[in-house]
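Engineer: All I have is the shape, not the residue letters:
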């Protein structure tokens with residue numbers, strides 16, 4: 001089961017590797033990212049950032065979905081990472097009943113073009129705002145929480161404020 005699907009444009013970094021994996025009590029991290037899955041350099045960097053206590057898989061979004069819905073992993077607590085809201089939406093749609101929650105944490109800083117600030121550390125393009133609205137309608141809790149010690153903010157409420 002995917003305990004948390006986190007949207008974070010840095011994928012694995014200190015907060016994720018140390019704080020979140022411990023707070024969630026996961027045994028494995030799955031990075032669902034097409035670029036990371038095909039780039040040796042990106043993959044090597046993510047492997048260096050992952051704590052030895054976590055099993056790390058770096059897969060394309062489609063392959064990560066196959067892993068998420070594989071019944072052999074239903075009892076294994078997994079932390080999944082994507083770098084954009086559109087990929088989070090794709091995973092949630094393809095994995096009904098498998099995703100516990102979605103944390104839209106850090107996204108948009110590295111994306112060119114016009115963006116809207118939705119929450120602290122969340123800047124979305126028009127297409128990503130639309131994807132975030134759809135994500136909030138998928139029946140899975142969707143929130144913003146940078147670290148486990150921070151209060152959760154409701155993403156749907158933040159998006160409503162934009163309209």
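Structural biologist: Thanks, I have the structure now. Owing to the predicted nature of the structure, the values given are computational and were not obtained by experimental measurement.

Engineer: the bottom helix or strand of this protein by mean pLDDT?
Structural biologist: Lowest by mean pLDDT, DSSP states H and E among the helices and strands of the chain is helix 14, with a mean of 80.

Engineer: Can you give the contact residues for it?
Structural biologist: residue 49 (Cβ atoms under 8 Å, 6 or more residues apart in numbering). Yep, even glycine has a C-beta here, placed from its N, CA and C like the rest.

Engineer: In terms of secondary structure, what does the helix or strand just after it contact?
Structural biologist: Note on helix 14: by DSSP states H and E, the next helix or strand toward the C-terminus is helix 21-24. Counting contacts by 3 or more Cβ pairs under 8 Å, 6 or more residues apart in numbering; DSSP states H and E, helix 21-24 packs against no other helix or strand.

Engineer: Near residue 81, how many other residues are there?
Structural biologist: For residue 81, the count of nearby residues is 29 (other Cβ atoms under 10 Å).

Engineer: element containing it, please.
Structural biologist: strand 78-82.

Engineer: dump the residue contacts of the closest residue to residue 32 other than its chain neighbours.
Structural biologist: Computed as Cβ to Cβ, 6 or more residues apart in numbering, the closest residue to residue 32 that is not its neighbour in sequence is residue 64, at 3.3 Å. Going by Cβ under 8 Å, 6+ apart, residue 64 touches 30-32, 57, 80, 91.

Engineer: rewinding a little: does anything pack onto the strand holding residue 81? Which helices or strands?
Structural biologist: Identification of packing neighbours for strand 78-82 by 3+ Cβ pairs under 8 Å, 6+ apart yields strand 2-8, strand 28-32, helix 61-69, helix 85-94.

Engineer: Quick check: which of these is nearest to residue 120?
Structural biologist: If you check each of the helices and strands packed on strand 78-82 against residue 120 by Cβ to Cβ, strand 2-8 wins as the nearest, at 13.6 Å.

Engineer: Any buried residues in the closest one, and which?
Structural biologist: By 16 or more other Cβ atoms under 10 Å, the buried positions in strand 2-8 come out as 2-8.

Engineer: now stretch 59-78
Structural biologist: Buried residues in stretch 59-78, counted by 16+ other Cβ under 10 Å: 59-61, 64-65, 67-69, 73, 77-78.
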